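# sequence plus the predicted model coming up.
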Amino acid sequence: MPCLVTVGGFYGDEGKGKIIAYLSKKDNPVIAVRGGVGPNAGHTFTFEGMEYKVRMLPSAVLNPATRLLIGAGVLVDTQVLLKEVAMFQSEDRTYVDAQCGVIEQSHIDRDRSEDHLKSQVGTTGTGTGPANADRALRTLRLAKDVPELSLYLEDVSNSVNFALDSNERVIVEGTQGTYLSLFHGGYPYVTSKDVTASGICSDIGIGPKRVDDVLVVFKAYVTRVGGGPLQNELSEEEAKNRGWLEFGSVTGRQRRASPFDIELAKKAIRLNSATQLAMTKIDVLYPQSAGVREYAKLPAEARKFIENIEGESGLKISLIGTGPELYDIVDRRS
Ligand code: IMP
Ligand code: MG
């Protein structure tokens, strides 16, 4: 499985960051490449008690042997990127596609002031929608026009395709989640691009036949930030009682919550042609799962929850998150 694509199965915030951070340590990929929209996504992971957050770099930053690439379809906020590169001291292993679009202050201002975006859609206010609109109008500046990015420019699709030609391991990191897709989500309460597995592959410049595995990441309950419908949404109080109340990593906004939705999950599996699944935060549903690393040691109710979903979906849940720490995971891949 040299080429693994990971995507979110719900509305983002499924815990992809932790899964990718784990896989990058465990599987030691030569390349981790980020697709998706841009700095509207915040991926969080915890390693040895330290919490890290990335909005531009792939979540594989903690493996110094992994090259960190950003695909041409991804929008770059130069300041956010340079800050992360400095923080993780990744100057010599960060590569940005020369054709990445660049977010300017004017895009951020529009994202935060236009009523439709701010109040109706409830965007993250990071400028991604207006920047993608300008890209469609063919007026957006690209990374190759920005002197501060000149050190990092590369043809990312070439690098990824050459690595795969040599049978090297590549992790493709999707951002957001299936139901935030501009095409397949609940328009207009969506992000500004397609973020299903096919869209993510297009972002980085690989064709469908290059992909060996599509890992769709679900969380043990569903959360959503911003506008748009959420089936079986819990009241704030109920979400709090269940310990499901979360806050957005980019905007700090409170996330809405609902129980795991198998129909939503099944459709996400089809939209992404999933070959395997991950389930995060099982310890939030079943506290006795916390920190467990062997399947047999999970409490019976947790195993039942997992096996029900496997039965309904016909796919294996190969990774099960049992806590925020990187290695708090049940890895059932053989
Ligand atoms: P935008 O992507 O900032 O334009 O926001 C559009 C919608 O997608 C809003 O409902 C956001 O809350 C949501 N959204 C965008 N990125 C993420 C993400 O990474 N996690 C969760 N929600 C997101
Ligand atoms: Mg997030």
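In hand now; what should we look at? Ligands and ions are numbered 1, 2, ... in the order given.
# chain neighbours aside, what residue packs nearest to the residue of the stretch 151-300 of the chain found nearest ligand 1?
Proximity of the stretch 151-300 of the chain to ligand 1 (Cβ to the nearest ligand atom) peaks at Gly226, 2.3 Å away. Every C-beta, even on glycine, is put in place using the N, C-alpha and C of the backbone. Distance criterion Cβ to Cβ, 6 or more residues apart in numbering; nearest residue to Gly226, sequence neighbours excluded, is Gly122 at 3.1 Å.
# ditto for Pro229
Take Pro229 and drop its neighbours on the chain: the residue closest to it by Cβ to Cβ, 6+ apart is Gly186, 6.1 Å away.
# that neighbour reaches Tyr179, doesn't it?
Yes - if you go by Cβ atoms under 8 Å, Gly186 and Tyr179 touch, sitting 6.5 Å apart.
# compare the two (neighbour count), which wins?
More crowded of Gly186 and Tyr179, by other Cβ atoms under 10 Å: Tyr179, with 28 against 15.
# what secondary structure does that one sit in?
helix (DSSP: H, G, I helix; E, B strand; the rest coil).
# how close does the closest residue to it other than its chain neighbours get to Gly15?
Excluding the flanking residues, the one nearest Tyr179 by Cβ to Cβ, 6+ apart is Gly185, at 4.4 Å. Using Cβ to Cβ, to the nearest Å, Gly185 is found at 19 Å from Gly15.
# now for the one helix or strand Lys18 maps to, which elements pack on it?
Per DSSP states H and E, Lys18 falls inside helix 16-27. Counting contacts by 3 or more Cβ pairs under 8 Å, 6 or more residues apart in numbering; DSSP states H and E, helix 16-27 packs against strand 3-8, strand 43-47, strand 50-54, strand 170-173, strand 213-219, strand 276-280, strand 317-321, strand 329-331.
# show the average pLDDT along it.
Here helix 16-27 scores 97 as its mean pLDDT.
# that helix: what's the following helix or strand?
The C-terminal neighbour of helix 16-27 among helices and strands, as given by DSSP H and E, is strand 31-34.
# neighbouring strands - and their directions - for that following strand?
Here strand 31-34 has these sheet partners by DSSP bridges: strand 67-70 (parallel), strand 170-173 (parallel).
# can you pull the contacts of the residue of the stretch 151-300 of the chain closest to ligand 1?
Gly226 makes contact with Val121, Gly122, Thr123, Thr124, Tyr189, Arg253 under the criterion Cβ atoms under 8 Å, 6 or more residues apart in numbering.
# which of those residues has the most neighbours?
Thr124 (28 neighbours).
# give me the residue from the stretch 1-150 of the chain nearest ligand 1.
Nearest residue of the stretch 1-150 of the chain to ligand 1: Gly12, at 2.7 Å (Cβ to the nearest ligand atom).
# and the residue nearest to Gly226, how far is that from Asn40?
Gly122 is 12 Å from Asn40, by Cβ to Cβ.
# hmm, back to that, helix/strand/coil for the residue nearest to Tyr179?
coil.
# confidence score at it?
Reading off the confidence values, Gly185 has pLDDT 97.
# ok, it touching Thr178?
Yes - with contacts counted by Cβ under 8 Å, Gly185 reaches Thr178, the gap being 7.2 Å.
# looking at these two, which is more packed in?
Thr178 (31 against 21).
# for that one, which non-adjacent residue is spatially closest?
Leaving aside its chain neighbours, Thr178 sits nearest to Ala268 (4.3 Å; criterion: Cβ to Cβ, 6+ apart).
# that older thread, what subset of the contacts of Gly226 is also close to ligand 1?
With Cβ under 6 Å from any ligand atom as the criterion, these include Val121, Gly122, Thr123, Thr124, Tyr189 near ligand 1.
# pull the most distant pair out of those.
Based on Cβ to Cβ, the longest span within these runs between Thr124 and Tyr189 and measures 12.9 Å.
# so which residues on the chain come close to ligand 2?
Contact residues, the chain versus ligand 2 (Cβ under 5 Å from the ion): Asp13, Gly42, Ser249.
# go with 6 Å
By Cβ under 6 Å from the ion, the residues of the chain that approach ligand 2 are Gly12, Asp13, Ala41, Gly42, Ser249.
# could I get those in JSON lines, plus columns for neighbour count and distance to Ser113?
Listed next are those as JSON lines, based on neighbours: other Cβ atoms under 10 Å; distance: Cβ to Cβ, whole Å:
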{"residue": "Gly12", "neighbour count": "32", "distance to Ser113": "23"}
{"residue": "Asp13", "neighbour count": "26", "distance to Ser113": "25"}
{"residue": "Ala41", "neighbour count": "30", "distance to Ser113": "22"}
{"residue": "Gly42", "neighbour count": "19", "distance to Ser113": "22"}
{"residue": "Ser249", "neighbour count": "21", "distance to Ser113": "23"}
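# which one of these is nearest Ala136?
Ala41 (20.1 Å).
# check the closest one and give its pLDDT.
Per-residue confidence (pLDDT) for Ala41: 95.
# can you give me the distance of it to Gly73?
Taking Cβ to Cβ, one finds Ala41 at 13 Å from Gly73.
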